[in-house]
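Enquirer: only geometry, no sequence info:
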DNA sequence: GTACATACCGAACGTTTGTTATGTACTTCG
DNA sequence: CGAAGTACATAACAAACGTTCGGTATGTAC
């Protein structure tokens, strides 16, 4: 009644890994069941065995995407407030090859997400969650007295996410123009101008622009 | 030797219009020759008669996209410098249904553009052109003494485009959360914080945040 | 050992894709 | 009025797609 000679969840994860590899290389336009099966040296029967269909496969791939972005152990927030906000931003930016792949898939997913109602809703709520995280850090910063601006926290969160994702897109299309060092500098400049005191003399000893 | 009973270019434009309609509704994933033909009440033979194939069709559609974005007569720059920069940003943002459709197609095109080398290069150069335009406005602003910050003009152009396109994506996924009024306010706040004096007392009589 | 459920392959199914070929209506030229 | 060439519909085509299914191997349960 319970023959479980293989770890079901582990195998499912293997399939998702293959989905990931295909997605990072050919985008959603090149995501087919056969391509996934081929990427893991298996047959399409295996893929359909663990996933009901392509729709379910895509949905799970996007879930993995979020999980990767969140659990990526790249940076830990060194302190609450502005430092945590900066960590959030840097964790999203494509600073590593893995982050590059993640963002590539993320951007590619927008095509189908905009057309499919289910994926659209999922993506929308994902954005709300990210903005909520950013907002929490911003609220902490305000509580800590780190903020100069009096702008609305929701607006600031939206603006921060705007800058971050827009920078991601540009970096994807011109990796050599936006190396990690420049991405970090742009992010720091943005954060300084938006939150910290870019005002001369308002926050001494805190250079907003590091040398080129 | 020259029977031209229909305007070839006009018909080509009609096809591109149909491409546009399909793209705005179903994204690039739903762009097929039959869908295009159906959208203009014609047959696939007509489509292939005016375009060599799908590749050519997509390329032309992306050209149209750029043309629309540039020639959109929404706003004229009232003055050089910061005002022109603001106009640039507002012209990109999805402030109208048409701008919504334009940006939707734009975002959807990233999927295939990231996988296709030719489209990738085209998209990359498109971004460089936009950044060059923004940079020109920023240089003007600096020449006019409108800039408080001393940051690099290229960095500022990249940051501005980042913010703008990231905001576009968020607005596409949550139109009711980002109505035109809020988009405009966010843009003005961003520009004020990044370029103008968000420093209290540095630019009197120029409120960076308009009331909700 | 027998029964049964899972894991997976391999092939087939029908549909949809891009592309190509054929045929017809029409307009212009000589 | 033919001749010729364009404009377009219609249909056929192979390839690739998502999905379904029978078959086989392998494990646990009784």
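Expert: The structure has been received and is ready for your questions. What you see is a predicted model; the values in this text were computed from it and never measured. Numbering: from 1, shown residues only, chains lettered A, B, ... in the order given.

Enquirer: Now residue A:179, what are its backbone angles?
Expert: phi -70, psi 160 (degrees, to the nearest 10).

Enquirer: which sections of chain A are below the confidence cut-off?
Expert: A:1-4, A:72-73, A:197-212 (pLDDT under 70).

Enquirer: Run through the helices of it in chain order.
Expert: Secondary structure of chain A (DSSP state H): helices at A:8-26, A:33-39, A:44-50, A:54-71, A:82-92, A:97-115, A:117-143, A:153-173, A:180-194.

Enquirer: Export the ones you listed as TSV, with columns for mean neighbour count and distance to DNA strand D.
Expert: All C-beta spots, glycine's among them, are computed from the backbone N, C-alpha and C. What follows is those, written out as TSV (neighbours: other C-beta atoms under 10 Å in any protein chain shown; distance: least, C-beta to the nearest atom of the strand, whole Å):
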stretch	mean neighbour count	distance to DNA strand D
helix A:8-26	17	9
helix A:33-39	18	4
helix A:44-50	16	4
helix A:54-71	16	4
helix A:82-92	20	29
helix A:97-115	21	11
helix A:117-143	17	13
helix A:153-173	24	23
helix A:180-194	20	34
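
Enquirer: can you list the domain ranges for chain A.
Expert: Split into domains by automatic domain parsing, chain A comes to A:7-71, A:73-198+A:207-212.

Enquirer: Is any residue of the longest one near DNA strand C?
Expert: Going back to what we said before, that points to domain A:73-198+A:207-212. No - judged by C-beta under 7 Å from any atom of the strand, domain A:73-198+A:207-212 stays clear of DNA strand C, getting no closer than 12.8 Å.

Enquirer: roughly how far apart are residue A:16 and residue A:120?
Expert: For residue A:16, the distance to residue A:120 (C-beta to C-beta, to the nearest Å) stands at 21 Å.

Enquirer: same thing with residue A:114?
Expert: Note on residue A:114: its distance to residue A:120, by C-beta to C-beta, is 6 Å.

Enquirer: And residue A:36, by the same measure?
Expert: 23 Å.

Enquirer: How about residue A:132?
Expert: Residue A:132 is 19 Å from residue A:120, by C-beta to C-beta.

Enquirer: same question, residue A:58
Expert: To residue A:120, residue A:58 is 13 Å away according to C-beta to C-beta.

Enquirer: Also residue A:65?
Expert: Note on residue A:65: its distance to residue A:120, by C-beta to C-beta, is 15 Å.

Enquirer: and what of residue A:93?
Expert: In terms of C-beta to C-beta, residue A:93 sits 25 Å off from residue A:120.

Enquirer: picking that back up, can you tell me which of the helices of chain A is nearest to residue B:107?
Expert: Set against residue B:107 and scored by C-beta to C-beta, those come closest in helix A:97-115, at 5.2 Å.

Enquirer: That closest one packs against which elements?
Expert: Packing partners of helix A:97-115 (3 or more C-beta pairs under 8 Å, 6 or more residues apart in numbering or on different chains; DSSP states H and E): helix A:8-26, helix A:54-71, helix A:117-143, helix A:153-173, helix B:97-115, helix B:153-173.

Enquirer: orientation of it relative to helix B:97-115 in degrees?
Expert: Here helix A:97-115 runs at an angle of 140 degrees relative to helix B:97-115 (axes from the mean of the first three to the mean of the last three C-alpha atoms, to 10 degrees).

Enquirer: tell me the angle of helix A:97-115 relative to helix A:117-143?
Expert: Angle of helix A:97-115 versus helix A:117-143, following the same axes, to 10 degrees, is 120 degrees.

Enquirer: Enumerate every residue touching the closest residue to residue A:169 other than its chain neighbours.
Expert: Excluding the flanking residues, the one nearest residue A:169 by C-beta to C-beta, 6 or more residues apart in numbering or on different chains is residue B:165, at 5.7 Å. Residues near residue B:165 by C-beta atoms under 8 Å, 6 or more residues apart in numbering or on different chains: A:162, A:165-166, A:169-170, B:92.

Enquirer: Over to residue A:172?
Expert: Applying C-beta under 8 Å, 6+ apart to residue A:172 gives the contacts A:94, A:100, A:103-104, A:107, B:110, B:114.

Enquirer: Take these and lay them out in JSON lines including distance to residue B:184.
Expert: Listed next are the contacts of residue A:172 as JSON lines, based on distance: C-beta to C-beta, whole Å:
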{"residue": "A:94", "distance to residue B:184": "30"}
{"residue": "A:100", "distance to residue B:184": "33"}
{"residue": "A:103", "distance to residue B:184": "28"}
{"residue": "A:104", "distance to residue B:184": "31"}
{"residue": "A:107", "distance to residue B:184": "26"}
{"residue": "B:110", "distance to residue B:184": "25"}
{"residue": "B:114", "distance to residue B:184": "30"}
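
Enquirer: wait, which of the residues you listed is closest to residue B:145?
Expert: Among these, and counting by C-beta to C-beta, the member closest to residue B:145 is residue A:94, at 36.3 Å.

Enquirer: Give me the phi and psi angles of that closest one.
Expert: Per degrees, to the nearest 10, the backbone of residue A:94 is at phi -80, psi 70.

Enquirer: Can you give the distance of stretch A:25-43 from its chain's centre?
Expert: Stretch A:25-43 has its C-alpha centroid displaced from the chain centroid by 22 Å (C-alpha atoms, centre = their mean, to the nearest Å).

Enquirer: ditto for stretch A:132-147
Expert: Taking C-alpha atoms, centre = their mean, the mean C-alpha location of stretch A:132-147 is offset from the chain mean by 20 Å.

Enquirer: Contacts for it next, please.
Expert: Defining contact as C-beta under 8 Å, 6+ apart, one finds that stretch A:132-147 is touched by A:77, A:80-82, A:84-85, A:88, A:153-154, A:156-157, A:160-161, A:195-196.

Enquirer: Widest-spaced pair of the residues you listed?
Expert: Top of the distance list for those (C-beta to C-beta): A:77 and A:154, 20.6 Å.

Enquirer: Name all residues that make contact with the closest residue to residue A:54 other than its chain neighbours.
Expert: Spatial nearest neighbour of residue A:54, excluding adjacent residues (C-beta to C-beta, 6+ apart): residue A:33 at 6.3 Å. Residue A:33 is in contact with A:44, A:47-48, A:54, A:57, counting by C-beta under 8 Å, 6+ apart.
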